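Visitor: Just to be clear, the model below is a prediction. Sequence and coordinates:
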Amino acid sequence: MGSLASDLWTAPLAAAAVDADVRIPGSKSITNRALLLAALADGPSVVRHPLRARDTALMAGALRTLGTRIEETPQGWNVTPEPMRGPGRVDCGLAGTVMRFVPPVAVLACGDIAFDGDPRARERPMGPILSALRALGGAVDDGGRNALPFTVRGTGAMPGGPVEIDASASSQFVSALLLAGSRYDAGVTVHHVGKAVPSLPHIDLTVAMLRERGVAVDDGDAHTWRVEPGPIRAYDTDVEPDLSNAAPFLAAGLVTGGRIRVLGWPETTEQAGDALRDIFTLMGAHVRLDSEGLTLRGPDTITGVDLDLHDVSELTPVVAAVAALATGPSRLRGIAHIRGHETDRLAALATELSRLGGDVRETEDGLEISPRPLRGGDFRTYHDHRMAHAAAVLGLVVPDLRVEDIATTGKTLPDFAAMWSAMLGREAAA
Ligand SMILES: O=C(O)C1=C[C@@H](OP(=O)(O)O)[C@@H](O)[C@H](O)C1
Ligand SMILES: C=C(OP(=O)(O)O)C(=O)O
């Protein structure tokens, strides 16, 4: 799978059990939803403490292309909606939230909006959302590819109404239609047909953020979501820390038998990453949530687990890394669809963990991991920030582990390498 880039980062070995407080930047999923909803709202909004990283810069860039005014302030971004306009070009990078969430907005612009992204972005599933946009009255020219690149031929309005979609490849197809749907003439009713929708907490996050802004959403039926037509209220958002990005830091406490505190962990949240509390408890950690944050204390030995990660699949790479260091075997299930993430994560994890001497088998819908003593080596990351996180976790306890392209963490966490060093220096990585 791919050749090794020359840029290698030697993952720091933990000289002792980790003992640190870390502050994790804002959530990618909340920042990009808040930006997009602010661009569609009935007045100016503020997005406070946003994530400033590649995926959110791409979202801001896409919305600016459509005419939205977004100004930087020390607190975050001031967003002023303007009538959506084209023509323009949108770079999606490798951001699922940009390639799926922005086309349903682009239909509301007057003019052609051309979408493209990184080479791997052209391979990520897009067909169901493009078909749904056409069924709702939009015009999309994709040259028959059902994938990037494509052009949305915006007319300034969208009829909307009911639509059937197979969202088994990504929850983002549903979120995308719900986020823009209240601005369609008839709203939108999304009915899922097909295998189970993954990452449901992310759809719940979408619904919660719409309701905060006064949009009426009916999610009473397990497979159907109805968004009524109407305005999206301007709303100032305080972006929570990205709990999925907390995974490698919490894992550092776990695999070194140390203590790590993630400051500002919300007491209640819609974020999928909140599941880390339960997952790492099952793996042997002691976890406590209080008003300061989430404190994890690592065990002497890590317990292997049999877990269905269907709802929280973006946690797979780091959980797999921890599982490779456990005392017993693990099975990670329900995650076939992550073959369509930043890379084919099942193949990538099986390949790279095996290269270090691990015993990892790819199954139809996941991974089987039998712990083996691991050795150092070069760990390929395939342009995937979470593969880099997984490698850093392993490198804490496996000497001489070199990570390809650590800068790929800039997708959602540009300061990752510095935060990692600060954590090991027992400083607050704030
Ligand atoms: O809506 C979102 O913000 C996301 C939804 C999920 O996508 P999938 O449903 O494709 O897994 C998740 O994995 C991704 O990191 C972010
Ligand atoms: C799947 C992920 O990202 P994306 O938003 O690009 O789908 C992820 O961050 O793990």
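Guide: On my side now, so go ahead. Numbering: from 1, shown residues only. Ligands and ions are numbered 1, 2, ... in the order given.

Visitor: Show the contacting residues for H223.
Guide: Listed by C-beta atoms under 8 Å, 6 or more residues apart in numbering, the contact partners of H223 are H191, H192, V193, V197. C-betas here are computed from N, CA, C, even on glycine.

Visitor: With V152 instead?
Guide: V152 neighbours (C-beta under 8 Å, 6+ apart): P103, A106, V107, A109, D112, I113, F115, L133, G138, A139, V140.

Visitor: could you redo the last one with a cut-off of 6 Å?
Guide: Applying C-beta atoms under 6 Å, 6 or more residues apart in numbering to V152 gives the contacts P103, A106, V107, I113, V140.

Visitor: Distance of the first one relative to I30?
Guide: P103 is 21 Å from I30, where distance means C-beta to C-beta, to the nearest Å.

Visitor: next one: the fourth one
Guide: The span separating I113 from I30 equals 24 Å under the rule C-beta to C-beta.

Visitor: for the last one, same thing?
Guide: The gap separating V140 from I30 is 27 Å, by C-beta to C-beta.

Visitor: Wait, a helix at I30?
Guide: Yes - secondary structure of I30 (DSSP: H, G, I helix; E, B strand; the rest coil): part of a helix.

Visitor: More neighbours: which of V140 and I30?
Guide: I30 (26 against 21; other C-beta atoms under 10 Å).

Visitor: which one is the more buried one nearest to, not counting chain neighbours?
Guide: Of all residues not flanking I30 in the chain, V239 sits nearest, at 5.0 Å (C-beta to C-beta, 6 or more residues apart in numbering).

Visitor: For the protein, list the residues in contact with ligand 1, please.
Guide: S29, G96, T97, S170, S171, Q172, S175, P198, S199, H202, S313, E314 (C-beta under 6 Å from any ligand atom).

Visitor: Ligand 2 next: which of the residues you listed are close?
Guide: Within the residues of the chain next to ligand 1, those near ligand 2 by C-beta under 6 Å from any ligand atom are G96, T97, E314.

Visitor: per-residue pLDDT, the residue in the chain that ligand 2 sits nearest to?
Guide: Closest residue of the chain to ligand 2, C-beta to the nearest ligand atom: G96 (2.5 Å). Per-residue pLDDT puts G96 at 98.

Visitor: show me the contacts for it.
Guide: Contacts of G96 (C-beta under 6 Å, 6+ apart): Q172.

Visitor: Look at M1 and report its pLDDT.
Guide: The model's pLDDT for M1 equals 46.

Visitor: cool, and the one 3 residues further on?
Guide: According to the model's per-residue confidence, L4 sits at a pLDDT of 61.

Visitor: Once you drop chain neighbours, what's closest to E228?
Guide: Nearest one to E228, counting by C-beta to C-beta, 6+ apart, is A216 at 4.0 Å.

Visitor: could you measure the one you found against ligand 1, distance?
Guide: 21 Å (C-beta to the nearest ligand atom, to the nearest Å).

Visitor: so what's the residue in the stretch 301-430 of the chain that ligand 1 sits nearest to closest to, chain neighbours aside?
Guide: Residue nearest to ligand 1 within the stretch 301-430 of the chain (C-beta to the nearest ligand atom): E314, separated by 3.8 Å. Spatially, and ignoring its direct neighbours in sequence, E314 is nearest to S244 (5.3 Å; C-beta to C-beta, 6+ apart).

Visitor: next one: A180
Guide: P104 (3.9 Å).

Visitor: which residues touch the closest residue to T68 other than its chain neighbours?
Guide: Among residues not flanking T68 along the chain, A39 sits closest, at 4.1 Å (C-beta to C-beta, 6+ apart). Contacts for A39 (C-beta under 6 Å, 6+ apart) come out as L63, T68, P81.
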